[in-house]
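Asker: sequence-free structure coming up:
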């Protein structure tokens, strides 16, 4: 099934087309999600929501970009939304501890190990992923898409809706910030 | 920064080279389908009080109450002024010194 046939099938509500979509793109979506949210359960939730959104809003897809570009865009948006909601829950929890009895333990999340990283690089990659988690959203998105999904700057610019030079600038600042963060992290 | 530390940071920055895509979990499609079917069977309902119409109505009610409080405090000031004016006019009618009325009120 080529992309045009797939899109037409999805618009017709063809279940085989939907299965083909999921089978073809589930790894792309899941890898992007897990690279941003850094948690397997959350990544699966995000991935499911991405495909549900595609199913519901395929009629609004105009075909001006590739289907994969659209999927990347939805995935990064949903993953970043999840990170924001995690952050606000954390703030609420802090306030509850402040005004509560304060006996609840502070849970520190363990280092995240990406399933696609070679064994000999796992510890170093965990440190890098910890640092990536601290980047501003745009830098995080650009860096993740380029490094974890091997997208070219051109492809990243299409996903993010910005110019290639803007992507170059984001990558440059991301690397500078990662160096600063790692300087404090690495003993 | 020590050269050793700088080298370690560069190694860390390069640790994602050769990364393979994390595969979606087994039975991903099965679980996705189950989720979609359960949502069709029991669609999520927003709590009544969180529906936009109730939120807007609550906000309008709060604004209205604030406006009423402001208006009432304004008329309370007017009442005090009116009482003072009444005292002064009575004093004027009976040619009484208003200072005297102040003494009487003490």
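Answerer: Right, received. Where do you want to start? Please read all numbers here as calculations on a predicted model, not as lab measurements.
Asker: So is the worst-scoring helix or strand of chain A on mean pLDDT next to chain B?
Answerer: Of all helical and strand segments in chain A, the minimum by mean pLDDT, DSSP states H and E falls on helix A:67-99, at a mean of 85. No: counting by CB under 8 Å from any CB of the partner chain, chain B has no neighbours in helix A:67-99; the shortest distance is 12.0 Å. Placement of C-beta: from N, CA and C, glycine included.
Asker: Can you name the residues of chain A that neighbour chain B?
Answerer: Applying CB under 8 Å from any CB, one finds that chain A approaches chain B through A:19, A:22-23, A:26-31, A:34-35, A:40, A:43-44, A:47-48, A:51-52, A:55, A:114-118, A:121, A:124-125, A:127-128, A:131, A:147-149, A:175, A:178-179, A:182-183, A:186.
Asker: Mind doing that once more with 7 Å?
Answerer: Proximity of chain A to chain B (CB under 7 Å from any CB of the partner chain) is limited to residues A:19, A:22-23, A:26-27, A:30-31, A:34, A:44, A:47-48, A:51-52, A:114-118, A:121, A:124-125, A:127-128, A:147-148, A:178-179, A:182-183, A:186.
Asker: got a list of what the residue nearest to residue A:146 when sequence neighbours are not counted touches?
Answerer: Distances taken as CB to CB, 6 or more residues apart in numbering or on different chains place residue A:156 nearest to residue A:146, at 5.6 Å, with adjacent residues excluded. Each residue near residue A:156 by CB atoms under 7 Å, 6 or more residues apart in numbering or on different chains is listed here: A:142, A:145-146, A:167.
Asker: coming back round to it: from the residues of chain A next to chain B, which ones fall inside helices?
Answerer: Judged by DSSP state H, those include A:19, A:22-23, A:26-27, A:30-31, A:34, A:44, A:47-48, A:51-52, A:124-125, A:127-128, A:147-148, A:178-179, A:182-183 as members of helices.
Asker: Can you name the element that comes right after the host helix or strand of residue B:31?
Answerer: For residue B:31, the element it lies in under DSSP states H and E is helix B:28-41. Sequence order places helix B:52-93 as the next helix or strand after helix B:28-41, per DSSP H and E.
Asker: Poorly predicted segments of the chain, please.
Answerer: Chain wasn't specified; assuming chain A. A:91-110 (pLDDT under 70).
Asker: oops, I was thinking of chain B
Answerer: Scanning chain B for pLDDT under 70 picks out B:1-3, B:43-49, B:75-85, B:96-106.
Asker: So which residues on it come close to chain A?
Answerer: B:1, B:5, B:8-9, B:11-13, B:15-16, B:18-25, B:28-29, B:32, B:35-36.
Asker: let's go with 6 Å and repeat that
Answerer: Counting by CB under 6 Å from any CB of the partner chain, the residues of chain B lying close to chain A are B:8-9, B:12, B:15-16, B:19-25, B:28-29, B:32, B:35.
Asker: Weed out the non-buried ones from these.
Answerer: Among those, those scoring as buried are B:8-9, B:12, B:15-16, B:19, B:21-22, B:24, B:28-29, B:32 (criterion: 16 or more other CB atoms under 10 Å in any protein chain shown).
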